[in-house]
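# mind looking at a prediction? Sequence and model below.
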Amino acid sequence: MLIRYNKAINSALKEEMQKDPTVFIAGEDVANAGGSFGITRGLLDEFGPERVIDTPISESAIVGMAVGASSTGLRPVIEIMFMDFIAVCFDPIINQAAKMRYMSGGQMTLPLVIRTQSGAGVNAGPQHSQSLEALLFHIPGIKVVMPSNPYDAKGLLKASIRDNNPVVFIENKALYGMKGEVPEEDYTIPLGEAKIVKEGKDVTIVALGQMVNKAMAAAQTLENNGISPEIIDPRTISPLDTETIKQSVKKTGRLIIVHEAVKIGGVGAEIAAMVQEEVFDYLDAPIQRVAAPFTPVPYSKPLENYYLPNENDIIQAVNKICVGRQFSIAGHS
Amino acid sequence: MSQFSNDTLLSLYQTMVKIRGFEERVSSLFADGLIPGFLHLYIGQEAVASGICESLSKEDYITSTHRGHGHCIAKGADVKKMMAELFGKETGYCKGKGGSMHVVDVDLGILGANGIVGAGMPIAVGAGITAKTNNDGQVVIPFFGEGATGIGYFHEAVNMAAVLKLPIIFVCESNQYAEFTPRETHLPVKTIVERGAAYGIQSYLINGNDVLEVYQTMKTIINRTRNGEGPFLVECVTNRWSGHFEGDPQRYRPEGEIDEWKKNDPIKNFRSLLLSEYHIQESSLLSIEEAIRSELDDAEKFSRESPLPDELSTLEDVYA
C-alpha cells in the first residue's frame, strides 16, 4: 500500500488505540481539529473525547500529565506541536519522565510517547524549525526516535507506543507528504536497530531523519563518480545502534555523519567520538560532519537554503576524505 | 456522643505522632552524620497530611513535595523503607537512588515526593485522567506549598484539571515561607483560595493546625470528589517549625515567630482535646506513643544495619 508519512503515523495511532484501550491521545488541537498537521484526524470520531483529548496550551502540564497517567496504568501518546516547544516543557521531560523510574528504584514504569515534529525547509522561522534531538539524546531515561520514511514511521511509532519507557518520537515536517510502501498487516520496528539503507564499500554515511533522503540523492552522484557509499539510518538515536555503525566503518574505513541540527554538540559529535574510541584503527581518514551552521534557523528562502545541509554538502564531504587520500577511484585495494 | 469515632480520633493522633517522631529521629540522625544530603522536615504541619489521608484508601493517589515525609507516612508508607532510603541503603524504597526527596510507593498510590517545586501537580492531573478512566471513585491529591503557586505548573495543572473535570483536590499547605522568603514578599494575594476562583473551581480555606477541622472538611470534599464534583482547591494554613532544610539557621525569621507557632502545636492541642473533650484515656495515648517509639527504633536499627547498595546498581533501573 502506497501511503504518505502523515497517513502512516495516523494509522499507527489508530491501530494501537483499537488494539489497546489504555492508549489515549492528548495535546493542543488534536481532537476536534485533528492536529495542526492533520495527523490525528478522524480519531476523535472513532474513539471519543475520553481518549482523544484537546488540552489547553500548557506544554509543561501536558507532559507532566503523561507522567502521571503512564505511571498509573495508561499509555498516553501526547503531542507537542512543534519540537521547538519542548523548551517550555523541559522539567517534565528531563526531571520527571526521564528519571521517575530510576529515582523510584525501578518501581515506576512510564509507557508514554511524546510525538513532536521538527525540521527546517518550510520557512517557519527560528522558533518553529529547530532540530533539537541532541538535547534529548543527552538525557538518560528517555528514548529518541527519528523516522525518515513512511514505513519506518509506522513501525517505529507502534513499537514506541508498546515500549514501557518514555519515548520522544520526532517526525520531520518536510517528510509529511513523502510517499512510501507500507504493508497492510501489523508490524513493528524494534527501537535501537539501525537500517542499512544502501550497501556500499568506500565510505559510511550515517544520516538522521530527512537527511537520509538527501544522502540517498547524493549517493547517485557519488556512484556515478565511482565512489560507493554505505548509508545508515540509525532510526532511533537513543538507544543508538553503535554496532551497525562500527561494522560499517570497519568495512569502509571512512565516516560521514549528516544531520539537520547544528554541528556543535550535535548527535554527530557523539557518533564521531564513539567511532574513534572504539574502531580508530580502522579509520583511513578524518571523520566528517555535515550539519547546519551554528545559527538559529532563518526564515527567508535563500537563508534557509543556505542553512540546511544538502546533497552537494554531502558530496563535498565525501570527496574531501575519499578523493586523493590514498583512495583509488577504481576500488579499495 | 462525639461525631468522631474513637478509632478515627486515635488513628489521627497516631499518624501525627508518627510523623513528628520520624522527623525528630531523622533530624538527630542527620546531625550525627548518618543521613547525607538534604532533609526538609514537616514538623509543625502534621495535622494537614494526617487529617487528609485519614479519608483516603490505597487506591487513591497523592503527589508530594521536597517536604514529603509527612505525606508519605500519612498515606501508609513503611517507615523502615523510608528511613533506609534516607540512609542511602539498598533496602530503601528507591534502593538508595532517590533519597529523602523521592520517596515513592506505587502500590500505596504515592506517586512520589518531588524535588522540583510544583512538579507533582501535573502528575496528579495524569493520575486524575487514570482515575476518571477507571471510574471507581478514586481521588487524587497533589500536596504543595503556597510558594509553588508562583510556578507555571500550578496554573497549568489547576486549569487543565478544571477543564477536564478531574477528581483532584489541590491541597496547598501554606506554611508561611517559600524556602527562605516570607509569604508577603512573593504573594500579591492574601490567600491562595482567591486563585482558585480564576479557574472556576470551588476553594476552601481551613485551619491546617486543627486536625479535626482538616479531617472533617476534607472528608466532605473527598466524598464530593469521588462523586464527580471535582476538582477543588483547599488551602490549609499552618507553619513550618524547622528550617527550609536541616541546618538552615532561619535567620530570615523574625524573633519569637516560631515560638508563637509552637504554642499552637497541632499535636499537643489535639492531645489535650482528646483527654478533655473526647474522654480518651491517657493510657491509650501513651501506648500509641510507645508503639511508635518502638517502630522507629526498629526502623533505625534496620536502616543502620542494612547494606549500602552495590556500586554497579548505579547502572540499573534507567530503562524498563
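Alright, I've got the coordinates. All figures in this text were calculated on a predicted structure; none of them were measured in a lab.

# how about the nearest residue to residue B:8, chain neighbours excluded?
Excluding the flanking residues, the one nearest residue B:8 by C-beta to C-beta, 6 or more residues apart in numbering or on different chains is residue B:54, at 6.7 Å. Backbone N, C-alpha and C define where each C-beta goes, glycine included.

# which bits of the stretch 101-250 of chain A sit near chain B?
Applying C-beta under 8 Å from any C-beta of the partner chain, one finds that the stretch 101-250 of chain A approaches chain B through A:101-111, A:140-141, A:143, A:164-165.

# out of those residues, which sit inside helices?
A:101-103 (DSSP state H).

# who wins on neighbours among the residues you listed?
residue A:103 (26 neighbours; other C-beta atoms under 10 Å in any protein chain shown).

# which residues touch residue A:216?
Shown in contact with residue A:216 (C-beta atoms under 8 Å, 6 or more residues apart in numbering or on different chains): A:197-198, A:231.

# likewise for residue A:298?
A:125-126, A:304, A:306-307.

# same thing but 6 Å
For residue A:298, the contact set (C-beta atoms under 6 Å, 6 or more residues apart in numbering or on different chains) comprises A:304, A:307.

# quick check: residues of the stretch 201-320 of chain B near chain A?
B:317-320 (C-beta under 6 Å from any C-beta of the partner chain).

# quick one: low-confidence parts of chain B?
Filtered on pLDDT under 70, chain B yields the residue ranges B:1.

# go on, chain A?
A:325-333.

# so where do the strands sit in it?
Counting by DSSP state E, one finds strands in chain A at the ranges A:2-4, A:23-27, A:52-54, A:75-80, A:113-118, A:143-145, A:167-172, A:179-181, A:195-198, A:203-207, A:229-233, A:236-238, A:255-262, A:288-292.

# chain center to the second one: distance?
I take that to be strand A:23-27. Distance of strand A:23-27 from its chain centroid, counting by C-alpha atoms, centre = their mean, to the nearest Å, is 21 Å.

# again with the last one
The chain centroid and the centroid of strand A:288-292 are separated by 16 Å, computed with C-alpha atoms, centre = their mean.

# pull up the pairing partners for that strand, direction included.
strand A:255-262 (parallel) (DSSP bridges).

# and the partner strand, C-alpha only, in CSV?
Below are the C-alpha coordinates for strand A:255-262, written out as CSV (Å, rounded to 0.1, in the frame of the first residue of the first chain):
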residue,chain,number,x,y,z
LEU,A,255,32.7,8.0,8.1
ILE,A,256,30.5,11.0,7.4
ILE,A,257,27.7,12.0,9.7
VAL,A,258,24.8,14.1,8.4
HIS,A,259,22.2,15.8,10.4
GLU,A,260,20.0,18.8,10.1
ALA,A,261,20.7,20.1,13.6
VAL,A,262,23.6,22.5,14.2
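
# what angle sits between that strand and strand A:229-233?
On the basis of axes from the mean of the first three to the mean of the last three C-alpha atoms, to 10 degrees, strand A:255-262 is oriented at 50 degrees to strand A:229-233.

# who's in contact with strand A:255-262?
Under the criterion C-beta under 6 Å, 6+ apart, residues A:131, A:134, A:204-208, A:211, A:215, A:249, A:266-268, A:271, A:275, A:287-292, A:294, A:314, A:317 lie in contact with strand A:255-262.

# what distance separates it from the centre of its chain?
With C-alpha atoms, centre = their mean, you get 12 Å for strand A:255-262.

# try stretch B:210-220
Mean-position distance between stretch B:210-220 and its chain equals 15 Å (C-alpha atoms, centre = their mean).

# now that stretch: buried residues?
B:210-212, B:214-218 (16 or more other C-beta atoms under 10 Å in any protein chain shown).

# and stretch A:188-197, by the same measure?
Under 16+ other C-beta under 10 Å, the buried positions of stretch A:188-197 are A:188-189, A:191-192, A:194-195, A:197.

# let me know the secondary structure of the residue positioned nearest the centre of chain B.
A centroid search over chain B (C-alpha atoms, centre = their mean) returns residue B:71, at 2.6 Å, as the residue closest to the centre. Here residue B:71 is recorded as helix under DSSP: H, G, I helix; E, B strand; the rest coil.
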